[in-house]
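Novice: no letters, just coordinates:
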């Protein structure tokens, strides 16, 4: 059985990833020129938090359910929450959240390999002309680069079921950046094994030395066998983006804390 995100939608890792995704797209929207989001592992696109699967794990209760928009929270987090609220009781995955951030001239390309999940994605996309859907392996999508707009973001967010997933991500990035060196690339990864995660981070810095930033959120939970931290490694981040995200991540570290060791970490490299 392949990974099913409906059990985990809206958890702390989704909140972390999607706050940063919205921030990246907002930064790209500072210019009038169009951008394109390529989501390599798109999933179903929309998840009902009243569904039996979400209720069984209850992970969203320590994620999106803890947060409400207010004037007191950092602007990037408030922008994200307002977009999520637009979906009512459901939680948007990256492709639909990207579509919510898109202007008329922008485009979202969503790729999903699993046939049943792809059908759900098609239904949730609703035929929006700004979205293109591909049923294909996300690691083949380097063939779609560079985009016609010459500006945009590639989000790489696999399920990390494969034992060699970090190697697969690195191999994909080598092919993708060879075709489109100037694109923004964001890789989500779990921190289940700190040694493996640190090894991946160092590899990103070594293989893409020009400009990047690594961001992590640790929720401080002490329960064994559960993911307690995750990261987003961003290559070619927009100027000033990491500094803009810092207050939002610090707020999340406090607001989503499940233990005293909760923290947000940001490590830029190169020209960032």
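Specialist: That came through fine. Bear in mind the structure is a predicted one, so any value in this text is a computation, not a measurement.

Novice: count of neighbours near residue 104?
Specialist: 7 (other Cβ atoms under 10 Å). For the C-beta atoms, the positions are set from N, CA and C on the backbone; glycine is no exception.

Novice: flag every buried residue along stretch 252-266.
Specialist: Neighbour-count burial for stretch 252-266, counted by 16 or more other Cβ atoms under 10 Å, picks out 252-253, 255-258, 262-264.

Novice: which of these lies closest to residue 57?
Specialist: residue 258 (14.3 Å; Cβ to Cβ).

Novice: and the residue lying closest to the closest one once chain neighbours are set aside, how far is that from residue 7?
Specialist: Excluding its sequence neighbours, the residue lying closest to residue 258 (Cβ to Cβ, 6 or more residues apart in numbering) is residue 221, at 3.9 Å. According to Cβ to Cβ, to the nearest Å, residue 221 and residue 7 sit 17 Å apart.

Novice: same check, this time on residue 82
Specialist: 26 Å.

Novice: now swap in residue 32 and tell me
Specialist: Distance, residue 32 to residue 7, by Cβ to Cβ: 40 Å.

Novice: those two: which is more packed in?
Specialist: More crowded of residue 32 and residue 7, by other Cβ under 10 Å: residue 7, with 18 against 7.

Novice: in this structure, which spans are strands?
Specialist: Ranges of strands in the chain, per DSSP state E, are 36-39, 46-48, 90-92, 107-111, 131-134, 152-156, 184-190, 211-218, 229-235, 263-270.

Novice: mean pLDDT and distance to residue 173 added to the ones you listed, as a markdown table?
Specialist: Formatted as a markdown table, the strands of the chain follow (pLDDT from 0 to 100; distance: least, Cβ to Cβ, whole Å):
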| stretch | mean pLDDT | distance to residue 173 |
| --- | --- | --- |
| strand 36-39 | 98 | 13 |
| strand 46-48 | 96 | 27 |
| strand 90-92 | 97 | 26 |
| strand 107-111 | 98 | 16 |
| strand 131-134 | 97 | 19 |
| strand 152-156 | 98 | 7 |
| strand 184-190 | 97 | 6 |
| strand 211-218 | 98 | 11 |
| strand 229-235 | 98 | 7 |
| strand 263-270 | 97 | 15 |
